[in-house]
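> Sequence first, predicted coordinates after that:
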Amino acid sequence: MEKREKFIITEAMIRAAIDYIPFDDKRAIAEEQAPACLVAVDKGTDEIATEMQLPIPQLYKEQIGAKQYFLMYYFLTRYLGLDIGASTWNKQEFDYYASSHIFNQLERFKSSDIAIRSKVFDILYDFKQLKSMLEVEIYNLKEARNSALDRLQDSIALFSTPENIAKLNELMQKNLGELQTAQKELAAKRGEAQAKPTEA
């Protein structure tokens with residue numbers, strides 16, 4: 001694979017860049033990407049839920065690197081205006097731009113002429129606001145999902161529906177039937193063993 005040249009931010013890019021994303025757009029980005037930044041902690045719950053065929057509530061944690069991954073994409077596409085499709089954005093693309101240290105490049109422009117310097121400050125400040133909104137949304141979503149009371153209420157609500165009670169009853173009957181069959185087989189084997197003559 002051919003090595004790509006380092007991505008360089010130019011003064012022309014900064015002059016053409018967007019230095020403010022509207023509030024509603026920031027909020028939409030945060031609300032859309034926050035769920036993708038969380039990952040289930042208690043994987044064992046998935047197995048229980050599959051066995052019981054019941055949607056048991058999960059515990060969640062923030063997925064390492066996910067926030068930076070999405071923020072880089074929006075910085076490049078919304079602020080710098082690069083034409084990068086969401087379908088083509090992947091870890092390799094992230095590494096390419098991150099390894100070019102684009103934020104350090106911007107910092108170096110702070111010693112340029114007043115117009116460029118002011119634009120860079122405005123871009124970085126607005127980007128900081130976007131980052132903050134995403135962090136708050138991730139935190140709030142994680143807290144809501146992991147709330148002990150909410151999880152208890154969700155569990156009660158899930159298990160108290162007629163459909164789920166029927167599923168639990170069906171599962172218990174199945175397990176009881178399997179247990180009774182196993183006990184009968186064991187009793188039969190014991191009977192056969194007792195009927196056999198013992199060696200002298």
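Thanks, I have the structure now.

> Now for residue 126, which secondary structure element holds it?
helix 114-146 (DSSP states H and E).

> Which secondary structure elements does that helix sit against?
Here helix 114-146 is seen to pack against helix 11-16, helix 23-33, strand 38-40, strand 60-62, helix 66-74, helix 102-108 when contacts are counted using 3 or more C-beta pairs under 8 Å, 6 or more residues apart in numbering; DSSP states H and E. Heads up, the C-betas are built off the backbone N, CA and C, glycines and all.

> Tell me the helix or strand right after the fifth one.
Using DSSP H and E, the helix or strand that follows helix 66-74 towards the C-terminus is helix 91-98.

> Please pull out the lowest mean pLDDT helix or strand from the protein.
Among the helices and strands of the chain, helix 44-52 carries the lowest confidence by mean pLDDT, DSSP states H and E, at a mean of 54.

> buried ones in stretch 110-124?
119-120, 123-124 (16 or more other C-beta atoms under 10 Å).

> ok, of these, which one's closest to residue 65?
When these are compared for distance to residue 65 (C-beta to C-beta), residue 124 comes out closest, at 20.9 Å.

> As TSV, the helices and strands packed on helix 114-146 with distance to residue 136 and mean pLDDT would be great.
Rendered in TSV, the data for the helices and strands packed on helix 114-146 read as follows (distance: least, C-beta to C-beta, whole Å; pLDDT from 0 to 100):
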stretch	distance to residue 136	mean pLDDT
helix 11-16	28	97
helix 23-33	7	98
strand 38-40	14	91
strand 60-62	12	93
helix 66-74	12	98
helix 102-108	21	97
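
> Same list, these, but as a markdown table with distance to residue 93 and mean neighbour count please.
Shown next, in a markdown table, are the helices and strands packed on helix 114-146 (distance: least, C-beta to C-beta, whole Å; neighbours: other C-beta atoms under 10 Å):
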| stretch | distance to residue 93 | mean neighbour count |
| --- | --- | --- |
| helix 11-16 | 18 | 13 |
| helix 23-33 | 16 | 15 |
| strand 38-40 | 21 | 15 |
| strand 60-62 | 22 | 16 |
| helix 66-74 | 8 | 18 |
| helix 102-108 | 13 | 15 |
